[in-house]
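Participant: 3D model of this:
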Amino acid sequence: MFTGTLFPYQHEAVDRVLSDRRILVAYSMGTGKTVLTIAALEALFGQGDIRCCVVMVPSSLKWQWAQALAQFTDVPTRTVTLRGQQLTVPAEEVCTVINGTPKKRQQQWALAQHADYVIVSYGAVLHDWKQLCALPGDALVLDEATAIKNFSAQTTKRVKKLKPPVRVALTGNPVENRPEEVFSIMEWVNAKILGRWDLFEKSYINRNFFGGVSSYKNLGLLHKNLSRSMIRKSRLDPEVAKYLPEVTETTRHVSLDKTTRSIYKAILADVQAAMDELAEAGADFDLAAYYAGIKPDGAFGAQGKLMARLQAARLLLDHPQLLMDSAVAYHAGSGGSRYAAEFAASRYDLPDLTTAPKLSALDELVATMLAEPGTKAAIFTDYRKMLPYLAERLDKHGDLALFHGQLTSDEKASVLARFKHDPECRLFISTNAGGYGLDLPEAQYLVNYDLPYSNGVLAQRNTRHVRASSTFERVHVTNLVVEETVEERVQATLRLRQKLSQAVVDGMGSSALDMDIESLAEHIENAI
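Facilitator: Numbers count the residues shown, from 1 in each chain. Model (predicted):
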């Protein structure tokens, strides 16, 4: 039985889950999708409509979901210790968390046959497919459902084969970068809502000569159709906003020193050469598609060269040592970038380049944020190898927690618990692995050390501390952006994608949007 208390704005979503049975719950991040979903599921259990619910989540959220079930229901509980941190979760026979080695998972799958809840990561559809299909599950919850936004991904294809009578997709931002993403999600939720792909494309997408998207159209109609099987509440809605802290977002511009600027321009010249090669191959460059894993028809080598050079530019802006690390890793045969190695070898000034203007700006910013005793902050970066440089520079401000995708589920839960409960641990420093689904209401400040290419990733990051459970009246987001660099163009691109998301998901703004931001070629020409 559900034992929690819902906010007034959450009841409508519970009612829609109970009536529709197949629905996209697109409540903004921080508005309590987990809690309202538990309330709806417990009602379905109470009515005898479901016997077993599978909750599929990013790996880092498995134990967070288990803790929520223990907190908001009357199920018997147990205590687990994960790397020194104690967590209260449901008894294993009631809620089985599939986690650990293959041998441990085999034992857990046997228990799961009789459990009410089974919590798995998306990786289960690839690694434990037969066991997953053998469950008597008649309800499936996809948390962070943008995990199935890419049509071609094997995970997406497997998930779409799972079609229980109750299907609930949870995501605060079903359109991270393009409307095609919500089409993919809705194919699983209820394929009748948006219909066939060819008709969807004809109705909402205009393409250029090369097949790239030039604009989107009829976005108001798309929102209307989507709403037939989607319930949406934004943190800006009046009935929601009064339960959340206000958010102040600012951008702090960072200037490059003369030497770093010179090296940056040299990399941009190589970017321009790669773009010329791409143009000769007759291909258009789609940055969002590249990062979504969509392989272009032909010219993939040219796109790869272009991305390697853009990546090198971004590494340089974050910390010149990252570029050197990439070169060293390539020579050592442990990854890295061939381009970084070749570029480093060609520059006499690069090995001695230790100045990191952005890191210095962050150091000053953190000192100001943590001047008040007890204040906590979260810092996000795209690059895992940036974490030790951040930790080394910021350690003087207090204990810190490092979070990244190579941690095990248990390690992630332990790191998160330490930041939440240890008053001496004042900094949570994370890659994008910590941007999805984690609750960080203890933080009053959040800093984007660099901006991701994906609007969805940024939206996830920026709302980790914007939670109904926050005790702060106001929280802050600061973006560090190196002026007169590609980082400014990334920020402009993100703003355009935010407008697109608002049009489709919230029904706000224009019904048509042109992809008319400054092209990469124009940016490079202006920069060099």
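
Participant: all contacts plus neighbour counts: C-alpha atoms, from now on.
Facilitator: OK.

Participant: all helices in the stretch 1-150 of the chain, in order from the N-terminus.
Facilitator: 11-20, 33-46, 62-72, 102-112, 124-127, 129-133 (DSSP state H, counting those that start in this stretch).

Participant: Among those, which comes closest to residue 490?
Facilitator: Nearest to residue 490 among these is helix 33-46; the distance by Cα to Cα comes to 29.5 Å.

Participant: average pLDDT across that closest one?
Facilitator: For helix 33-46, mean pLDDT is 97.

Participant: Over to stretch 126-145?
Facilitator: 95.

Participant: do stretch 9-29 as well
Facilitator: Mean pLDDT, computed over stretch 9-29, is 96.

Participant: Identify all contacting residues around it.
Facilitator: Contact with stretch 9-29 is made by 32-33, 36-37, 39-40, 43-44, 165-174, 186, 189-190, 229-235, 239-240, 437, 460, 463-464, 466-467, as judged by Cα atoms under 8 Å, 6 or more residues apart in numbering.

Participant: Mark which of those are part of helices, please.
Facilitator: Of the contacts of stretch 9-29, the ones assigned to helices by DSSP state H are 33, 36-37, 39-40, 43-44, 186, 189-190, 239-240, 460.

Participant: Relative to residue 204, which of those is nearest.
Facilitator: residue 186 (15.4 Å).

Participant: got a list of what that closest one touches?
Facilitator: 24, 193, 194.

Participant: which helix in the protein runs the most residues?
Facilitator: Counting by DSSP H, the longest helix found in the chain is helix 258-280.

Participant: Identify each buried residue in that helix, please.
Facilitator: Using 16 or more other Cα atoms under 10 Å as the test for burial, helix 258-280 gives 260-261, 263-265, 267-272, 274-275, 277-278.

Participant: follow-up on the earlier one: now that we have the contacts of residue 186, which one has the most neighbours?
Facilitator: residue 24 (33 neighbours; other Cα atoms under 10 Å).

Participant: What count of nearby residues applies to residue 368?
Facilitator: Neighbour count for residue 368, taken as other Cα under 10 Å: 10.

Participant: likewise residue 362?
Facilitator: Residue 362: 22 surrounding residues under other Cα under 10 Å.

Participant: next structured bit after the worst-scoring helix or strand of the chain on mean pLDDT?
Facilitator: Sorting the helices and strands of the chain by mean pLDDT, DSSP states H and E puts helix 287-291 at the bottom, at a mean of 46. With elements assigned by DSSP states H and E, the helix or strand that comes after helix 287-291 is helix 300-318.

Participant: Name the next helix or strand following that next one along the chain.
Facilitator: Helix 300-318 is succeeded, C-terminally, by helix 320-331 (DSSP H and E).

Participant: related to what we said a few turns ago, could you dump the helices of the stretch 1-150 of the chain to a markdown table with distance to residue 160?
Facilitator: Formatted as a markdown table, the helices of the stretch 1-150 of the chain follow (distance: least, Cα to Cα, whole Å):
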| stretch | distance to residue 160 |
| --- | --- |
| helix 11-20 | 19 |
| helix 33-46 | 20 |
| helix 62-72 | 21 |
| helix 102-112 | 21 |
| helix 124-127 | 10 |
| helix 129-133 | 12 |
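
Participant: Pull the residues that contact stretch 233-245.
Facilitator: Contacts for stretch 233-245 (Cα under 8 Å, 6+ apart): 8-9, 26-31, 466-475, 506.

Participant: List buried members of those residues by neighbour count.
Facilitator: Looks like those have 9, 26-31, 466-470, 472, 475, 506 buried, using 16+ other Cα under 10 Å.

Participant: Of these, which pair is most distant in space?
Facilitator: Across the buried ones among the contacts of stretch 233-245, the longest distance by Cα to Cα is 26.3 Å; it joins 472 and 506.

Participant: Name the nearest of the buried ones among the contacts of stretch 233-245 relative to residue 89.
Facilitator: Distances from residue 89 to these, taken by Cα to Cα, are shortest for residue 469, at 19.3 Å.

Participant: State the three-state secondary structure for that closest one.
Facilitator: Judged by DSSP: H, G, I helix; E, B strand; the rest coil, the three-state class of residue 469 is coil.

Participant: Give the rounded mean pLDDT of the helix or strand residue 492 falls within.
Facilitator: Assessed by DSSP H and E, residue 492 sits inside helix 486-501. In this model, helix 486-501 has an average pLDDT of 90.

Participant: Just checking, which helix or strand succeeds it along the chain?
Facilitator: With secondary structure assigned by DSSP H and E, helix 486-501 is succeeded by strand 513-514.

Participant: what's the average pLDDT for that following strand?
Facilitator: Strand 513-514 shows a mean pLDDT of 73.

Participant: shaky segments in the stretch 401-528 of the chain?
Facilitator: 435, 437, 515-520, 523, 527-528 (pLDDT under 70).

Participant: hang on, the earlier thing: and the angle for the longest helix of the chain with helix 300-318?
Facilitator: In terms of direction (axes from the mean of the first three to the mean of the last three Cα atoms, to 10 degrees), helix 258-280 departs from helix 300-318 by 160 degrees.

Participant: Residue 498 contacts residue 458, correct?
Facilitator: No: the criterion here is Cα atoms under 8 Å, and residue 498 misses it with residue 458 at 10.0 Å.

Participant: Next, the contact list for residue 222, please.
Facilitator: Residue 222 touches 204, 504, counting by Cα under 8 Å, 6+ apart.

Participant: Give me the neighbour count for the residue nearest to residue 308 when sequence neighbours are not counted.
Facilitator: The shortest distance from residue 308 to any residue other than its chain neighbours is 6.5 Å, reached at residue 339 (Cα to Cα, 6 or more residues apart in numbering). Neighbour count of residue 339, defined by other Cα under 10 Å: 20.

Participant: Name the SS class of residue 339, please.
Facilitator: Under three-state DSSP, the three-state class of residue 339 is helix.

Participant: which residue lies farthest from the center of this structure?
Facilitator: Largest separation from the mean C-alpha position in the chain: residue 348, at 38.3 Å (Cα atoms, centre = their mean).

Participant: Quick check: which element contains that residue?
Facilitator: Using DSSP H and E, no helix or strand contains residue 348.

Participant: burial measure for residue 250, as a count.
Facilitator: 12.

Participant: Would you confirm that it contacts residue 479?
Facilitator: Yes: contact criterion Cα under 8 Å: residue 250 and residue 479 qualify, at 6.3 Å.

Participant: Residue 194 versus residue 99, what's the distance?
Facilitator: Remark: distance between residue 99 and residue 194 (Cα to Cα, to the nearest Å) = 35 Å.

Participant: now residue 257
Facilitator: Taking Cα to Cα as the measure, residue 257 falls 51 Å from residue 194.

Participant: Repeat that for residue 276.
Facilitator: According to Cα to Cα, residue 276 stands 39 Å off from residue 194.

Participant: Then residue 117?
Facilitator: Relative to residue 194, residue 117 is positioned 30 Å away (Cα to Cα).

Participant: Just the buried residues of stretch 370-386, please?
Facilitator: For stretch 370-386, the buried set under the neighbour-count rule, 16+ other Cα under 10 Å, comprises 370, 375, 376, 377, 378, 379, 380, 381, 382, 383, 384, 386.

Participant: Distance-wise, check the closest residue to residue 138 other than its chain neighbours relative to residue 14.
Facilitator: Using Cα to Cα, 6+ apart and skipping the chain neighbours, the partner closest in space to residue 138 is residue 164 (4.9 Å). Per Cα to Cα, residue 164 is found 18 Å from residue 14.
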